[in-house]
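>>> Sequence first, then the predicted structure, then my questions.
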Amino acid sequence: MASLKGNIAFTGSLGNLSAYSRKDLNNIILRTKGGASGKTIKTAPEFVNTRRVMSEFGGCSTAGKHIKLAMTGVTHLDHRLFQSRLNAVCSCIQKLDTTSIWGQRSILISQYRNLLQGFNLEMGTLFDSIVKHPLDYNINRTNQSASIIIPPLFPNIGLYVPGKFSFFRLIAVLGIVPDMNCDTKFKKYLPVNKDIQLYRAQKMTDWFAVSAICDEQTIDMQIDGQTNMTDTDSLILSIGIEFGIPLTATLIQQVNYAGAAKILMLA
C-alpha cells in the first residue's frame with residue numbers, strides 16, 4: 001500500500017489504480033486493482049475458506065455497529081475509527097463459540113460481557129485520567145434502568161482538565177446489545193432475539209465550572225418502551241465527559257475534539 005503526496009491528489013479509479021482517503025490519515029492511499037472477481041469468490045470451491053472468513057468478519061462488523069448504536073450519545077468522543085476496535089473484541093468473542101461451524105460462529109456478548117467492560121473512547125486523554133475518582137454504578141435488568149453516582153470532584157485532584165476549558169458536563173447512555181448468530185436462510189448475521197427493540201436512554205448533566213468543586217451527583221435513567229429483552233440481550237452502560245467554553249454569560253458551547261468516554265459495565 002502506498003500513499004499519495006505532492007500537488008497531484010485524487011480519489012477514485014485511474015486505470016489500474018484506486019485512490020481513497022481515510023479519516024485517521026492525512027494522505028491519500030493508493031493501491032492497485034486485481035484479484036479474483038466477486039462472482040468467483042462467492043461461488044468457486046477454492047474460495048470456500050475465504051467465504052467463511054468474510055461471513056464471520058461481516059458478523060463482527062454487524063455486532064460492532066450494534067454496540068456503537070447502543071453508545072450513541074458518547075460516540076463522538078473519540079478521534080479514531082474506534083469501531084474497528086469494537087470489531088476486534090467481537091472477533092475474540094466469536095472465537096469462543098466452539099459449537100458452531102467455522103463461518104457461522106455466533107457472537108454471544110451476553111456470555112462474555114466482561115470483555116467489553118472498560119472499553120475506552122478518547123481524544124488523547126482517557127476518561128479515568130480526567131475523572132480520577134472511581135464511580136459507583138449499577139444496572140437493573142428488570143426495570144431496564146441504571147444509576148451512576150459521581151463523587152465530589154475537586155479541581156486538579158478528582159478532575160483533570162486536558163486543555164484550557166472553562167466548563168465540563170457528563171453524559172450517560174444506557175443501551176441494548178443483542179447476541180448475534182448467522183442466519184443461514186438470509187446468509188447474514190442477525191440478532192438471536194428477533195423481537196428485540198433497540199431502545200436507548202440518555203442523560204446529560206448541567207455544565208459545571210472546572211475551577212469549582214462539583215458536588216456529588218446521581219445520574220438515573222430508564223429505557224422507555226417494550227424492548228422484548230431476553231437473556232441473549234445485554235444492557236450496556238456508558239459515560240462520557242465533554243468540555244465547554246462560554247460564548248456569552250449564559251451560553252456555553254461544547255468544544256469539538258475534546259473529552260473522553262468509556263463503557264462502564266454490561267448486564
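Arrived safely, thanks for sending.

>>> is it fair to say residue 100 lies in a strand?
No - the assignment for residue 100, made by DSSP: H, G, I helix; E, B strand; the rest coil, is coil rather than a strand.

>>> Dump the longest strand seen in the chain to CSV, restricted to CA.
Ranked by residue count and defined by DSSP state E, the top strand of the chain is strand 233-246. The C-alpha coordinates for strand 233-246 follow below in CSV (Å, rounded to 0.1, in the frame of the first residue of the first chain):
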residue,chain,number,x,y,z
ASP,A,233,-29.6,-9.4,25.1
SER,A,234,-27.3,-7.1,27.3
LEU,A,235,-27.8,-3.7,28.8
ILE,A,236,-24.7,-1.6,28.2
LEU,A,237,-23.9,1.5,30.3
SER,A,238,-21.5,4.2,29.0
ILE,A,239,-20.4,7.5,30.4
GLY,A,240,-18.6,10.4,28.7
ILE,A,241,-17.3,13.9,29.6
GLU,A,242,-17.5,17.0,27.3
PHE,A,243,-15.8,20.3,27.8
GLY,A,244,-17.2,23.8,27.0
ILE,A,245,-16.3,27.4,26.6
PRO,A,246,-18.5,30.4,27.3
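
>>> Pull up the pairing partners for that strand, direction included.
strand 167-178 (antiparallel), strand 252-254 (antiparallel), strand 260-266 (antiparallel) (DSSP bridges).

>>> quick one: the second one to chain centroid distance?
Using Cα atoms, centre = their mean, to the nearest Å, the distance from the centre of strand 252-254 to the centre of the chain it belongs to is 24 Å.

>>> Pull the residues that contact it.
Strand 252-254 is contacted from outside by 166-167, 207, 242-247, using Cβ atoms under 8 Å, 6 or more residues apart in numbering. C-beta here means a position set from N, CA and C on the backbone, and glycine is covered the same way.

>>> From those, list just the buried residues.
Among those, those buried by neighbour count (16 or more other Cβ atoms under 10 Å) are 166-167, 207, 242-244.

>>> Grab the two from the residues you listed that are most spread out in space.
Of all pairs drawn from those, the greatest distance, 12.3 Å, lies between 166 and 242 (Cβ to Cβ).

>>> Confirm that residue 91 lies within a helix, as I assumed.
Yes - looking at residue 91 with three-state DSSP, it is inside a helix.

>>> give me the number of residues near it?
18 (other Cβ atoms under 10 Å).

>>> burial count for residue 231?
Residue 231 - counted by other Cβ under 10 Å - has 11 other residues nearby.

>>> same question, residue 83
The tally of other residues near residue 83 (other Cβ under 10 Å) stands at 16.

>>> Now it. Nearest residue, chain neighbours left out?
residue 64 (5.0 Å; Cβ to Cβ, 6 or more residues apart in numbering).

>>> you'd agree that neighbour is up against residue 87?
Yes - under the criterion of Cβ atoms under 8 Å, residue 64 makes contact with residue 87 at 4.3 Å.

>>> Can you name the residues in contact with the longest helix anywhere in the chain?
In the chain, with assignment by DSSP state H, the single longest helix is helix 48-70. Here helix 48-70 makes contact (Cβ under 8 Å, 6+ apart) with 41-42, 75, 83-84, 86-91, 93-94, 102-105, 107, 109, 116, 173, 175-178, 180, 182, 187-189, 191, 198, 200, 236, 238.

>>> In ChimeraX, how would I select just the buried ones from those residues?
To isolate the buried ones among these in ChimeraX, judged by 16+ other Cβ under 10 Å, type:
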select :75,83,86,87,89,90,91,93,94,104,105,107,109,116,173,175,176,177,178,180,182,189,191,200,236,238
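
>>> the inter-axis angle of the host helix or strand of residue 94 versus strand 260-266?
Using DSSP states H and E, residue 94 maps to helix 83-95. Counting by axes from the mean of the first three to the mean of the last three Cα atoms, to 10 degrees, helix 83-95 points 20 degrees away from the direction of strand 260-266.

>>> after helix 83-95, next one along is what?
Past helix 83-95, the next helix or strand by DSSP H and E is strand 120-122.

>>> Not counting its own residues, what contacts the helix or strand just after that next one?
Sequence order places helix 127-130 as the next helix or strand after strand 120-122, per DSSP H and E. Here helix 127-130 makes contact (Cβ under 8 Å, 6+ apart) with 120-121, 159-162, 239-241, 259-262.

>>> That's all I had, so thanks and see you.
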